[in-house]
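Enquirer: My questions are about this predicted structure, shown below with the sequence.
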Amino acid sequence: MSQDFALAACAEMLWQDRPMDWRLRRLTEMGFACGIWSWTAHDLGMLERSGAAFSSMTGYISGRLADEAGAAELIATARQSIEVGKRLNVARLNLHGTGLGEGGLPVTPCETVTGAMWLKARDTLNRIADLADEHGVTFMIENLNLPVDHPGVPFARIEDTLALVSAVDRPGLRLNLDLYHVQIGEGNLIAWCRRCLPFIGEIQVADVPGRQEPGTGEINYAGVARALDAMGYRGPVCLEAFASGEPEAALEAFRAAFTL
């Protein structure tokens, strides 16, 4: 048995009754890199002192991909996030089609994405890739699901994020392939992994339904892990899930599913 993937876990969703510095230390003790959401919600000194290796964090504060004002806001706040990411040595900076507010709902909902919006989104992501080249960082755009968690987010489906990243086709822009969202929105996880493989920066996982650790729902994550290994994927896999019981047990279930 060997752990061929670089495993991480989202500190925002585990031990929610504990302070963030405690969560980061505990994940580090257990051998996991750490994911966080918006850096603006945390004390940066605390994050630095935690000693955590950060797999990813949100790479902007506000903004949108597909209109000029939103793109300018996204680029400006991405610049701020780059500086924070360098301070924390964060591996990857995460983006969405539009800013997410309370409960993951879009700040600016969009039900119809026009052709002009597609072209503007591609242009914005090329500007993001320019930033990535300039500063030596990696941005990712994350797919989301529309039916359950994120209705009204533009460019949310995996088909959309893959189309954008492959159209830009630059190393500073990758996919954050979230398989929880793929399962709800599209299914056919292994086929999507194969299609996305050249562009994956990180894979995120949680079981369906319930958004909990592997083994609590319908996804055969051990099978997904074997398929990823056969494809040659050796990159990061992050548990972005709530624990069905004790977080330590949830993390060990995740580790077991991705240990071959």
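Expert: Cool, the structure landed.
Enquirer: Could you use CA atoms for every contact and neighbour count after this?
Expert: Noted.
Enquirer: Other residues contacting the helix or strand hosting residue 163?
Expert: For residue 163, the host element (DSSP states H and E) is helix 158-168. Residues from elsewhere that reach helix 158-168, judged by CA atoms under 8 Å, 6 or more residues apart in numbering: 121-122, 125-126, 141-144, 155, 173-175, 177, 182, 186, 196, 199.
Enquirer: let's see it at 7 Å
Expert: By CA atoms under 7 Å, 6 or more residues apart in numbering, the surrounding residues in contact with helix 158-168 are 122, 126, 141, 143, 155, 173, 174, 175, 182, 196.
Enquirer: for stretch 245-256, same thing?
Expert: Residues from elsewhere that reach stretch 245-256 (CA under 7 Å, 6+ apart): 14, 15, 213, 214, 243, 244.
Enquirer: Would you check which pair of those lies furthest apart?
Expert: 15 and 214 (17.3 Å; CA to CA).
Enquirer: who's more crowded, those two?
Expert: Legend: neighbour count by other CA atoms under 10 Å for residue 15 and residue 214, higher for residue 214 (28 against 17).
Enquirer: and the more buried one, what does it touch?
Expert: The contact partners of residue 214, taken as CA under 7 Å, 6+ apart, are 206, 207, 221, 253, 254, 257.
Enquirer: can you redo those as a markdown table with neighbour count and pLDDT?
Expert: What follows is the contacts of residue 214, written out as a markdown table (neighbours: other CA atoms under 10 Å; pLDDT from 0 to 100):
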| residue | neighbour count | pLDDT |
| --- | --- | --- |
| 206 | 27 | 98 |
| 207 | 25 | 98 |
| 221 | 22 | 98 |
| 253 | 16 | 98 |
| 254 | 26 | 98 |
| 257 | 20 | 97 |
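Enquirer: and residue 207, which of the three is it?
Expert: Recorded secondary structure, residue 207: coil (DSSP: H, G, I helix; E, B strand; the rest coil).
Enquirer: err, residue 7, not the other one
Expert: strand.
Enquirer: helix/strand/coil for the residue lying closest to it once chain neighbours are set aside?
Expert: Nearest residue to residue 7 in three dimensions, chain neighbours excluded: residue 237, at 5.1 Å (CA to CA, 6 or more residues apart in numbering). For residue 237, the secondary-structure state derived from three-state DSSP is strand.
Enquirer: tell me the contacts of residue 237?
Expert: Under the criterion of CA under 7 Å, 6+ apart, the neighbours of residue 237 are 5, 6, 7, 8, 202, 203, 204.
Enquirer: Touching, the fourth one and residue 32? I think so.
Expert: If I follow you right, that is residue 8. Yes. Between residue 8 and residue 32 there is a contact under CA atoms under 7 Å: 4.7 Å.
Enquirer: okay, the two: which has more neighbours?
Expert: Legend: neighbour count by other CA under 10 Å for residue 8 and residue 32, higher for residue 8 (28 against 24).
Enquirer: for the stretch 51-200 of the chain, what spans make up the strands?
Expert: For the stretch 51-200 of the chain, applying DSSP state E, counting those that start in this stretch gives strands covering 54-58, 92-95, 139-142, 173-178, 200-205.
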